[in-house]
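Asks: build me a model:
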Amino acid sequence: MENFLFKNLSDFEKDLSSLITNIKNYPSQTLNDLNKLKDQINTFMQNNLLEKDKKNYKKFLSLILNIDYQIIVSLIYLSKFDEALDKINQVKNFYTTKNLKKDLIFYKTLLSEGIILSQLGNLSYGIKIFKKILLKSLKNKNLYELKGILYNNLAESFNSLKLYKKSLLYYKKAYFEFKKLRNKQRLIISVNNITDIYLKTKKINLAKIFALKLLKFAKEFNDFKNISTGLCKLANVYLLKGNPLKSYKLNNKSIKISKKYNFIDSLILNYILKIKIYLSLNKEFFKDQKENKIINLIKKTYKYIIRNKYIRFLNDFFDTSIFVLEKMKKYKLLNYFLIKYLKNLNYLNYSSLEFNKKRDQTIKSLLDLKDKEYYYYKYLKIKSLNDKLKKIHNLQKKDISFARKIYQNLILSEIPFIPGLHIFFNYREGKNLSGDFFNIKILSPEIISIFIADVCGHGIYSSFSTIILKLFFNMQIEKKILLSPSLLMSNLNTFIINNIKLDNYITGFYCVIDLNKKEIDYCSAGHNPLLFLKDDISYNINANSLFLGIKEDTKFIENKIHFNENSYLLIFTDGLSEFKIDKKSLFDLDQIKKYFFGEEKINKIDINDLKIKIDKIFDYLNNFYRNNKNFKKLEIDDATILLVAFQ
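Replies: Numbers count the residues shown, from 1 in each chain. Presented below is the predicted three-dimensional model:
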């Protein structure tokens with residue numbers, strides 16, 4: 001039996017404490033050790049039947065949750081954000097299922113979620129989480145130690161947004177919180193962050209004060225890593241002051257400490273700074289080897305970053321190297337690193353807006369280098385790649401334009417004259433290609449059929465599906481099928497299943513109007529509710545069958561309604577009813593009825609007014625958005641409407 005089975009709670013707590021100190025420098029090994037420790041504790045709890053001992057059981061649960069939190073921290077150091085988020089969700093669910101009180105570990109875990117989301121570019125959500133925990137920490141004394149960490153994370157988020165004043169404010173708040181708590185390590189981090197902000201905003205004297213303060217604290221606590229960092233910050237201050245020689249000496253001291261204690265991240269930061277220092281030093285200092293020294297240092301720094309997977313330093317490295325190489329007119333190497341930068345943009349945690357801006361700037365810089373005759377062929381390659389992308393884009397535009405023309409040819413340009421009947425229609429394409437289709441057939445002088453369909457989705461796929469529907473109605477269909485809505489829908493359903501491999505579905509409404517019998521036979525296959533008015537009473541025509549294209553043995557039901565003079569049938573696709581007319585309600589059946597018929601008696605309605613309203617319905621809805629500032633205009637779906645008036 002293994003030794004851990006003879007341990008007690010305090011032994012396990014000591015094991016965890018020793019592992020926590022290794023997380024920052026050895027996250028991968030520590031992660032494995034933390035998982036082993038968790039397995040040991042679980043085995044220990046099972047063997048000792050701790051579930052019966054409620055007091056000890058809770059203590060061990062708390063220890064396991066602390067280990068889970070440290071696992072999350074290790075995963076963050078390793079940039080394994082997806083795994084960390086999964087672990088966070090497990091911890092949150094554990095608190096819920098075990099009905100545990102939300103304690104310090106819970107809020108630390110929630111804090112980790114905010115940190116990850118901020119690093120992934122979702123800064124606004126990260127800030128929201130930090131502020132939520134901050135409010136809790138102000139009310140709960142047990143969470144008091146989180147205040148400084150929250151201020152620090154809020155500062156880092158505002159720093160990423162380049163809101164340096166806000167960032168500085170929260171860094172200072174964090175500094176005073178850590179000072180109260182006498183948290184040496186966090187205090188040093190705060191001083192380091194404040195120094196960075198002052199360097200970014202070129203407040204050199206203040207940056208110098210805090211860099212010296214950082215050095216003082218680090219020496220007091222024998223913190224060699226931050227001694228190296230403090231020397232690096234001070235070297236940066238002297239470089240900005242215009243004293244590159246002093247900066248060079250301080251930088252060298254920092255590099256020696258970093259090498260001695262194997263502080264790879266500090267070493268990389270010092271090398272990036274050294275590139276700038278080399279550029280500022282006189283040629284005499286290098287004995288005519290200045291350019292070679294800088295180029296070798298750039299290559300060396302890049303290898304260090306890639307070999308050690310310190311992706312977070314890529315942005316600073318590329319900014320510095322590209323600037324320096326441009327100054328030196330080293331166009332071949334500049335071209336090489338611009339392409340590397342372009343390839344690595346995905347890893348630099350930019351927002352989509354910043355990403356596009358940086359990408360465009362980099363491509364422009366690459367193309368600008370074409371003026372250098374010697375390297376012109378390289379830029380032609382890049383330009384050729386851009387041209388190919390443009391051609392593909394233009395071809396796609398042409399395809400969409402062609403598909404749009406085909407679709408427009410499918411739509412009836414005018415309705416044939418039918419005595420005793422007026423049919424008006426209007427349609428609007430959405431931003432993408434339309435999936436709406438309608439068809440009117442005169443089956444005899446007294447009988448006509450109307451079909452309307454809406455293919456779920458948008459784009460070429462939906463538009464192509466409408467072509468298939470058109471082909472169906474152009475075929476020689478037996479008159480007995482055309483006269484029976486249920487038979488026609490059944491035949492159409494089989495045709496769709498055999499000819500279109502649908503990922504989505506099609507809604508459809510088919511009716512046969514007999515002017516002699518004054519009857520309408522119809523079948524509605526999953527279509528949105530329609531409106532029928534007769535004798536000043538309105539009726540909803542709801543779907544009575546399943547969608548088209550779902551399964552071959554679908555049973556389609558046929559219903560009948562009777563009409564008289566001054567009856568109206570409104571047929572439309574759901575794009576019309578998806579317009580919002582205020583914050584809560586859509587342009588629904590009641591609103592549609594009100595728009596066309598108002599409060600008047602049906603027999604007093606002028607048929608010409610109805611035609612005008614059909615023609616102007618989409619203008620009416622768009623004007624509503626333009627004249628109401630309370631909410632944004634929504635992007636609408638394609639929409640089709642037909643009004644059948646029986647006179």
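Asks: give me the nearest residue to residue 189, chain neighbours excluded.
Replies: residue 152 (7.0 Å; Cβ to Cβ, 6 or more residues apart in numbering). C-beta here means a position set from N, CA and C on the backbone, and glycine is covered the same way.
Asks: cool, residue 491 as well?
Replies: residue 481 (5.8 Å).
Asks: what's the answer for residue 155, then?
Replies: Nearest to residue 155 is residue 170, by Cβ to Cβ, 6+ apart, at 3.6 Å.
Asks: that neighbour is in contact with residue 158, isn't it?
Replies: Yes - applying Cβ atoms under 8 Å, one finds residue 170 in contact with residue 158, separated by 6.6 Å.
Asks: residue farthest from the centroid of this protein?
Replies: residue 516 (58.7 Å; Cα atoms, centre = their mean).
Asks: tell me the SS of that residue?
Replies: coil (DSSP: H, G, I helix; E, B strand; the rest coil).
Asks: mind checking how far it is from residue 442?
Replies: According to Cβ to Cβ, to the nearest Å, residue 516 and residue 442 sit 14 Å apart.
Asks: and residue 571, what element?
Replies: Residue 571 is part of strand 567-572, with elements assigned from DSSP states H and E.
Asks: by contact count, what packs against the helix or strand following that strand?
Replies: Going down the chain from strand 567-572, the next helix or strand is helix 574-577, by DSSP H and E. Contacts defined by 3 or more Cβ pairs under 8 Å, 6 or more residues apart in numbering; DSSP states H and E place helix 574-577 against helix 589-597, strand 639-646.
Asks: make a markdown table from these and add mean neighbour count to it.
Replies: Formatted as a markdown table, these follow (neighbours: other Cβ atoms under 10 Å):
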| stretch | mean neighbour count |
| --- | --- |
| helix 589-597 | 16 |
| strand 639-646 | 22 |
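Asks: how about residue 442, secondary structure?
Replies: Relying on three-state DSSP, one would call residue 442 strand.
Asks: surely it meets residue 416?
Replies: Yes - the criterion here is Cβ under 8 Å, and residue 442 meets it with residue 416 at 6.2 Å.
Asks: ignoring the adjacent residues along the chain, who's closest to residue 177?
Replies: Using Cβ to Cβ, 6+ apart, the closest residue to residue 177 is residue 148 (3.3 Å).
Asks: so which helix or strand takes in that neighbour?
Replies: helix 146-160.
Asks: and the most centrally placed residue in the chain, how far is that from residue 157?
Replies: Centroid-nearest residue in the chain: residue 122, 8.3 Å away (criterion: Cα atoms, centre = their mean). Here residue 122 is placed at a distance of 10 Å from residue 157 (Cβ to Cβ).
Asks: what's the answer for residue 45, then?
Replies: In terms of Cβ to Cβ, residue 45 sits 39 Å off from residue 157.
Asks: so these two - more neighbours on which side?
Replies: residue 157 (25 against 18; other Cβ atoms under 10 Å).
Asks: tell me the predicted confidence for the residue nearest to the centre of the chain.
Replies: You'll see residue 122 listed with a pLDDT of 73.
Asks: what's around the nearest residue to residue 554 once chain neighbours are set aside, how many residues?
Replies: Excluding its sequence neighbours, the residue lying closest to residue 554 (Cβ to Cβ, 6+ apart) is residue 546, at 4.9 Å. Other residues within reach of residue 546, judged by other Cβ under 10 Å, total 18.
Asks: give me the neighbour count for residue 340.
Replies: Counted with other Cβ under 10 Å, residue 340 comes out at 16.
Asks: now swap in residue 388 and tell me
Replies: Neighbourhood size, residue 388 [other Cβ under 10 Å]: 10.
Asks: and it, what element?
Replies: Assigned by DSSP H and E, residue 388 belongs to helix 376-410.
Asks: quick one, strands of this structure?
Replies: 421-428, 436-444, 447-455, 506-514, 519-525, 530-534, 537-541, 559-562, 567-572, 639-646 (DSSP state E).
Asks: mind putting these in CSV, mean pLDDT and distance to residue 214 included?
Replies: Below are those laid out as CSV (pLDDT from 0 to 100; distance: least, Cβ to Cβ, whole Å):
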stretch, mean pLDDT, distance to residue 214
strand 421-428, 86, 64
strand 436-444, 87, 66
strand 447-455, 91, 65
strand 506-514, 93, 67
strand 519-525, 94, 73
strand 530-534, 90, 73
strand 537-541, 88, 74
strand 559-562, 94, 82
strand 567-572, 91, 69
strand 639-646, 88, 64
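Asks: so which of these is nearest residue 18?
Replies: Evaluated with Cβ to Cβ, the strands of the chain place strand 447-455 nearest to residue 18, the distance being 63.8 Å.
Asks: and stretch 71-81, which residues are buried?
Replies: 71, 72, 73, 74, 75, 76, 77, 78, 80 (16 or more other Cβ atoms under 10 Å).
Asks: is it true that the first one touches residue 35?
Replies: Yes - in this structure, residue 71 is within contact of residue 35 by Cβ under 8 Å, at 6.9 Å.
Asks: ramachandran coordinates for the residue farthest from the centre of the chain?
Replies: Note on residue 516: its backbone torsions stand at phi -70, psi -50 [degrees, to the nearest 10].
Asks: in the stretch 501-647 of the chain, which ranges drop under the pLDDT threshold?
Replies: 501-503, 578-586, 600, 602-603, 621-637 (pLDDT under 70).
Asks: dihedrals phi and psi, residue 100?
Replies: Dihedral angles (degrees, to the nearest 10) for residue 100: phi -90, psi 150.
Asks: so this protein: which segments form each domain?
Replies: Under the assignment automatic domain parsing, the domains of the chain span 375-405, 415-646.
Asks: what about the longest one, start to end distance?
Replies: Taking Cα to Cα, to the nearest Å, domain 415-646 runs 15 Å from one end to the other.
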